[in-house]
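Participant: sequence and predicted structure below; questions after.
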Amino acid sequence: MKKAFLTGVTGQDGSYLAELLLNKGYEVHGLIRRSSTFNTDRIDHLYRDVHESGAKLFLHYGDLSVSGQLMDLLHSISPQEIYHLGAQSHVRVSFDMPEYTADITGLGTLRILEAIRKIGLKTKFYQASSSEMFGAAPPPQSEKTIFQPRSPYAAAKVYAYHIAQNYRDAYGIFAVNGILFNHESPRRGETFVTRKITRAATQIKLGLKDKLYLGNLEAKRDWGFAGDFVEAMWLMLQQEKPDDFVIATGETHSVREFAEKVFAKLNLDYNKHVVIDPRYFRPTEVDVLLGDADKAKKTLGWKPKINFNELIDMMVTADLELAKKEKTLVDAGFPCTNSQRII
Ligand code: NAP
Ligand code: G4F
């Protein structure tokens, strides 16, 4: 039985990847952070009590800032595959917390690579690189495009990308960079723009709120489905040689278009509810991301299964169900706190 170690297992991608690996018969070990509230919602459906026989998902407390403990964990688990997905992953927040972002998103990668090197672990390593690294580079962006990072997050990811390549060249570690364009799902964090829109629009539909405050509506993104994208991660680690791959749908849409489609699907007038709030503008913006995933198609045989409209349908349907549950609570006299959150 193959063993995989995942950082970021409680995140959007970690949950889909854990599902995929468990379905393939892997034993999955995930790094989780201690939190005063539960942070395992996205993987609770996968977890079986370790005291029961047949448990295949094991969770370990740790943090990407603590190298000694990462080393101890990797030494004791000795996984054949490591998927490093953990990061401070929010671009806007990286302007508020640049040092923390550099530490976790940049140096976190180095800490794992150093652990692999020092232990002498024979393992394959996946680095969650990002299309945000392309920044100001004109579209379409491919593996050959020069990075022009536009945020502390992107700069940290560029460091992580290069250090993964360096450890591949210097120490022969099987390290790959998956340069993934934006990917979304009903499990997307609620402060990323797609989910923020589908959550708010469905709550507006049920009368739970009236306004949705957004920043730059003209930015364009190449949005795919997270469930499709984690398959590409796995495929990259099944290759004989380590290499770097762009993963994208090859279509780009503006934030405005995404919001208009969501509101139209719910028979709502977008103009009555969407309000621009400059607090969501970024000091420097990435205007257009559009990926060229030709190399992944040819080498990995990967292509996305869910298109833009299907992604919107999936997210709106799931969030409408969530909003209905919230409405039941509100009607019963319990406050719905979601609309009060700062996102
Ligand atoms: P996400 O939902 O924000 O998940 C991030 C994960 O990292 C969570 O499990 C989080 O734990 C964990 N984490 C954060 N800080 C940590 C720390 N100090 N120590 C240990 N774990 C920590 O992100 P995602 O969308 O799944 O993305 C996965 C990875 O791909 C990230 O590296 C992201 O930067 C990258 N990426 C994402 C996209 C995208 O469109 N989704 C595109 C390209 C690249 P908690 O649950 O406790 O917060
Ligand atoms: O949903 P976003 O916050 O995603 P962003 O910045 O593209 O980053 C995501 O994708 C990257 C891959 O390219 C990942 F590496 C990263 O970890 C993350 O998953 O914002 C998308 C666009 C931006 O241009 C932003 O300015 O939407 C615009 N936007 C407009 N109003 C907003 C809002 N973004 C957010 N989060 N909130 C708003 O109210």
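Facilitator: Happy to help now that I have it. Ligands and ions are numbered 1, 2, ... in the order given.

Participant: sheet partners, orientation included, of whichever strand or helix holds Ser129?
Facilitator: Per DSSP states H and E, Ser129 falls inside strand 124-130. If you go by DSSP bridges, strand 124-130 pairs up with strand 81-84 (parallel), strand 174-180 (parallel).

Participant: which one of the ones you listed lies nearest to ligand 1?
Facilitator: Ranking the strands paired with strand 124-130 by proximity to ligand 1 (CB to the nearest ligand atom) places strand 174-180 first, at 3.9 Å. The way it works is simple: take the backbone N, C-alpha and C, and place the C-beta from them, glycine included.

Participant: the longest helix belonging to the chain close to ligand 2?
Facilitator: In the chain, taking DSSP state H as the definition, the longest helix is helix 308-331. No: if you take CB under 6 Å from any ligand atom as the test, helix 308-331 misses ligand 2, and the best it gets is 12.5 Å.

Participant: if you count neighbours, what's buried in that helix?
Facilitator: Within helix 308-331, the residues that qualify as buried are 308, 311-312, 314-316, 318-320, 323, 326-327, 330, counting by 16 or more other CB atoms under 10 Å.

Participant: against which helices or strands is that helix packed?
Facilitator: Using 3 or more CB pairs under 8 Å, 6 or more residues apart in numbering; DSSP states H and E as the contact test, the elements touching helix 308-331 are helix 193-205, strand 224-225, helix 255-265.

Participant: what angle do that helix and helix 193-205 make?
Facilitator: With axes from the mean of the first three to the mean of the last three CA atoms, to 10 degrees applied, the angle from helix 308-331 to helix 193-205 works out at 50 degrees.

Participant: closest to Ile197 out of the strands paired with strand 124-130?
Facilitator: Nearest of these to Ile197, taken as CB to CB: strand 174-180 at 20.6 Å.

Participant: close to ligand 2: what parts of the stretch 201-343 of the chain are there?
Facilitator: 214-216, 219, 221, 255, 280, 282, 285, 289.

Participant: one more pass at 5 Å, please.
Facilitator: Residues of the stretch 201-343 of the chain lying near ligand 2 by CB under 5 Å from any ligand atom: 214-216, 219, 255, 280.

Participant: for the closest residue to Gly25 other than its chain neighbours, give its distance to ligand 2.
Facilitator: Using CB to CB, 6 or more residues apart in numbering and skipping the chain neighbours, the partner closest in space to Gly25 is Met1 (6.4 Å). Distance of Met1 to ligand 2, given as CB to the nearest ligand atom, to the nearest Å: 31 Å.

Participant: check Asp169 too.
Facilitator: Computed as CB to the nearest ligand atom, the Asp169 to ligand 2 distance reads 24 Å.

Participant: what is the burial count for that residue?
Facilitator: 10 (other CB atoms under 10 Å).

Participant: my read is Lys295 is in a helix, agree?
Facilitator: Yes: assessed by DSSP: H, G, I helix; E, B strand; the rest coil, Lys295 belongs to a helix.

Participant: so what's it scoring on pLDDT?
Facilitator: Looking at Lys295, its pLDDT reads 98.

Participant: now do the contacts for it.
Facilitator: 142-143, 245-246 (CB atoms under 8 Å, 6 or more residues apart in numbering).

Participant: then Thr145?
Facilitator: 134, 137.

Participant: give me phi/psi at it?
Facilitator: phi -70, psi 140 (degrees, to the nearest 10).

Participant: for the stretch 151-300 of the chain, what spans make up the strands?
Facilitator: Secondary structure of the stretch 151-300 of the chain (DSSP state E, counting those that start in this stretch): strands at 174-180, 183-184, 212-214, 220-221, 224-225, 245-247, 253-254, 274-276.

Participant: as JSON lines, those with mean pLDDT would be great.
Facilitator: Shown next, in JSON lines, are these (pLDDT from 0 to 100):
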{"stretch": "strand 174-180", "mean pLDDT": "98"}
{"stretch": "strand 183-184", "mean pLDDT": "98"}
{"stretch": "strand 212-214", "mean pLDDT": "97"}
{"stretch": "strand 220-221", "mean pLDDT": "98"}
{"stretch": "strand 224-225", "mean pLDDT": "98"}
{"stretch": "strand 245-247", "mean pLDDT": "99"}
{"stretch": "strand 253-254", "mean pLDDT": "98"}
{"stretch": "strand 274-276", "mean pLDDT": "97"}
